[in-house]
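1. Need the 3D shape of this:
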Amino acid sequence: MRIAERAEAFARVCEALGVQVESNRVGPRTAAELIGMNPKTFGGWRNQGIGPQAERIPVRGSQYSYDLNVLAAWAVDQKIEKKF
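-> Down below sits the predicted model:
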């Protein structure tokens, strides 16, 4: 699946879950769920500097957020194939 298609799939999943996407960004829990990871593992990766790039742009009470396009590119690069 290409990056744009994956980003669109992520946005559809967020909509189905009732998660608001703000400026194409989601919080860490939602990002972890989108790629099928445990949020604690995902947070650990962020602290270690591995995993998708997070930015200090607050979204829904979280200090960090993930751009859906960056998250999708990382998932494609890592060959993460969570089925929706």
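2. Out of all residues in this structure, which is the farthest from the middle?
-> The outermost residue of the chain, judged against the average C-alpha position, is residue 48 (16.8 Å), by C-alpha atoms, centre = their mean.
3. how far does the strand or helix carrying residue 70 sit from the chain's center?
-> Applying DSSP states H and E as the criterion places residue 70 in helix 68-77. Here the centre of helix 68-77 is set off from its chain's centre by 8 Å, with C-alpha atoms, centre = their mean, to the nearest Å.
4. Now tell me what touches that helix from outside.
-> Helix 68-77 is touched from outside by 1-4, 6-7, 9-11, 21, 24-26, 31, 34-35, 51-53, 82, with contacts defined as C-beta atoms under 8 Å, 6 or more residues apart in numbering. Every C-beta, even on glycine, is put in place using the N, C-alpha and C of the backbone.
5. repeat for stretch 23-36
-> Judged by C-beta under 8 Å, 6+ apart, the contacts made with stretch 23-36 from elsewhere in the structure are 10-11, 13-14, 17, 19, 38-39, 41-43, 46, 52, 54, 57, 59-62, 64-69, 71, 74-75, 80, 82.
6. Just the buried ones out of those residues, please.
-> Listed as buried from the contacts of stretch 23-36 are 10-11, 13-14, 19, 42-43, 46, 52, 54, 59, 62, 64-69, 71, 74-75; burial here means 16 or more other C-beta atoms under 10 Å.
7. Give me the subset of the contacts of stretch 23-36 lying in helices.
-> Among the contacts of stretch 23-36, DSSP state H puts 10-11, 13-14, 17, 39, 41-43, 46, 68-69, 71, 74-75 in helices.
8. Find the centremost residue of this protein, please.
-> Centroid-nearest residue in the chain: residue 31, 2.8 Å away (criterion: C-alpha atoms, centre = their mean).
9. Give me the distance from the lowest-mean-pLDDT helix or strand in the chain to the chain's centre.
-> Of all the helices and strands that make up the chain, the one with the lowest confidence by mean pLDDT, DSSP states H and E is helix 39-48; it has a mean of 91. Averaging C-alpha coordinates over helix 39-48 and over its chain gives two centres that are 12 Å apart (C-alpha atoms, centre = their mean).
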